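>>> Based on what follows, work out the 3D shape:
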Amino acid sequence: MNSARAEVEIIRLRPREVLQASGRLVKVQRRAYRVEAAFIDDHRIPQLTESAEKLSAAELNWHVALTGSAIIAAIAYTDTGPSLEVDRLFVEPSWHRLGLARRLILSLDSKPIDVSTGRENQPARRLYESLGFSHLGNAEALPGLWLSQYRRPR
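Numbers count the residues shown, from 1 in each chain. Model prediction:
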């Protein structure tokens with residue numbers, strides 16, 4: 001059973017560590033994105049079918065939440081120089097609503113942050129808005145698959 005008091009550590013993975021953890025990251029990512037797919041009623045989220053090889057080849061910066069040696073949440077982003085672009089943020093479903101996504105976002109540099117989520121993913125949208133992100137608009141990523149785009153200034 002998970003507890004809000006469980007010892008959770010946020011660490012940044014080095015590229016070699018991402019490669020070593022890619023299989024575990026993919027498993028947690030798939031379980032988490034199945035929940036988002038249900039929220040938005042669309043299973044065409046690319047992370048649902050991504051392989052460990054493709055995940056590790058993406059050259060993203062990763063911060064993970066660990067309990068013991070288990071990865072229970074992660075955020076991956078690119079640093080464009082003037083801002084950070086979040087590529088993915090996911091939490092193991094059995095660890096939802098314990099503040100892990102918030103902690104991962106807060107673990108990032110103080111640069112502006114850009115992120116998008118499924119337009120119908122109200123829990124994610126509330127999280128971003130509670131952290132000072134502004135809704136920039138919506139975009140159709142695939143026919144009928146809508147994303148809401150957000151930005152947090154410095």
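>>> Enumerate every residue touching the residue nearest to residue 41 when sequence neighbours are not counted.
Once its chain neighbours are removed from consideration, residue 41 has its nearest residue in residue 120; the separation is 6.9 Å (Cβ to Cβ, 6 or more residues apart in numbering). C-beta: built from backbone N, CA, C; applies to glycine. Applying Cβ atoms under 8 Å, 6 or more residues apart in numbering to residue 120 gives the contacts 39-41, 146.
>>> In JSON lines, list the residues you listed along with pLDDT.
Compiled in JSON lines, those are given as follows (pLDDT from 0 to 100):
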{"residue": "39", "pLDDT": "86"}
{"residue": "40", "pLDDT": "89"}
{"residue": "41", "pLDDT": "91"}
{"residue": "146", "pLDDT": "94"}
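>>> Show me those residues that map onto helices.
Among these, DSSP state H puts 39-40 in helices.
>>> farthest pair in the contacts of residue 120?
Taking Cβ to Cβ, the two most distant members of those are 39 and 146; they sit 12.2 Å apart.
>>> list the residues that contact both of those two?
Contact criterion Cβ under 8 Å, 6+ apart; residues shared by residue 39 and residue 146: 118, 120.
>>> Spatially central, which residue of this protein would that be?
Compute the mean C-alpha point of the chain, and by Cα atoms, centre = their mean the closest residue is residue 89, 0.3 Å away.
>>> Do I have it right that it meets residue 75?
Yes - distance between residue 89 and residue 75: 4.7 Å, which falls inside the contact criterion (Cβ atoms under 8 Å).
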